[in-house]
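Chemist: From the sequence below, what's the structure:
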Amino acid sequence: MKQLEAVITRNEPLTAQVFRMVLESPDMERMKPGQFVNIRPEGLFLRRPISVYDSEEGRLTLVYKTVGKGTAQMSRMKTGEKLDLLTGLGNGYDLSVSGEAPLLLGGGVGVPPLYLLAKRLREAGKQVSAVLGFNTAAEVFCEAEFASLGCRVTLVTADGTKGRKGFVTDALPPSYSHYYACGPEAMLRAVYRTAEGSGQFSLEERMGCGFGACMGCTCRTVSGPKRICREGPVLRKEEIVWED
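Modeler: As a prediction, this is how the structure comes out:
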């Protein structure tokens, strides 16, 4: 974990509620797919955890949805303004078990962290398939970016206004070596029940500190309680115990 101040070099809308922000700092280290940052919006007490969309030395890209005061404030920030953030949080995805034909399953704002994962897998020569799910055509974002990496992209919308009608579980390919999933809990539960083989799930809980001190984001696993911000947010399928 590292605390740093970064300069906004880009902040633009992708949809009515989803924005892409690029941050630069000489102290910015390359992060792993599935990790997140914790941002301190000016004047607000708690930091906001935001998943990492893309990461290189000196530069970080976030794709976030405006869901409350903190993210709404972020969406209004301009080029040249600065943000205080904690970087390198969470354990991220394990790429070593991907096999040759990994499958990425993303729903809504669960799509952004899968982009960096797809990028790293493609750099390793993997044949990546991505199923991206949204409620409606107006909410679709980043489809072209996944395709530009060379991923085989399947788009699904719940109302059928773009791509295939249905949910990500309706568009699972017949074969894949390993799967990675990120999205709302209802989607993750459905993937857990439907997808065959081993996989990894990026889970979400309300966080306080974001680095494991407050224990506020603890969840149950087969080996006991684990903190989403510290031991997560990515857990193996075999670890997860869903609460009723």
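
Chemist: list the contacts for the residue nearest to residue 172 when sequence neighbours are not counted?
Modeler: With CB to CB, 6 or more residues apart in numbering as the criterion, residue 172 has its nearest non-adjacent residue at 6.1 Å, and that residue is residue 195. All C-beta spots, glycine's among them, are computed from the backbone N, C-alpha and C. Applying CB atoms under 8 Å, 6 or more residues apart in numbering to residue 195 gives the contacts 103, 105, 169, 172, 179, 181.

Chemist: again with residue 146
Modeler: Going by CB under 8 Å, 6+ apart, the list of residues near residue 146 reads 114, 115, 118, 130, 132, 153.

Chemist: Swap in 7 Å and give it another go.
Modeler: Residue 146 makes contact with 115, 118, 130, 132, 153, according to CB atoms under 7 Å, 6 or more residues apart in numbering.

Chemist: hmm, back to that, how near is the residue nearest to residue 172 to residue 186?
Modeler: 15 Å (CB to CB, to the nearest Å).

Chemist: before we move on, what about residue 57?
Modeler: Residue 57 is 37 Å from residue 186, by CB to CB.

Chemist: Tell me who's in contact with the most centrally placed residue in the chain.
Modeler: Nearest to the geometric centre of the chain sits residue 113, at 2.7 Å (CA atoms, centre = their mean). Contact analysis of residue 113 by CB under 7 Å, 6+ apart lists 33, 34, 51, 52, 53, 182, 202.

Chemist: please redo it, this time with the cut-off set to 10 Å
Modeler: 33-36, 50-54, 63, 90, 92-93, 104, 106, 180, 182, 202, 233-234 (CB atoms under 10 Å, 6 or more residues apart in numbering).

Chemist: Give the buried subset of the contacts of residue 146 as a PyMOL selection command.
Modeler: Those of those that count as buried under 16 or more other CB atoms under 10 Å are selected in PyMOL with:
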select buried, resi 115+118+130+132+153
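
Chemist: Looking at the contacts of residue 146, which are in helices?
Modeler: Taking DSSP state H, the ones among the contacts of residue 146 that sit in helices are 115, 118.

Chemist: From the contacts of residue 146, pick the one nearest residue 163.
Modeler: residue 132 (8.2 Å; CB to CB).
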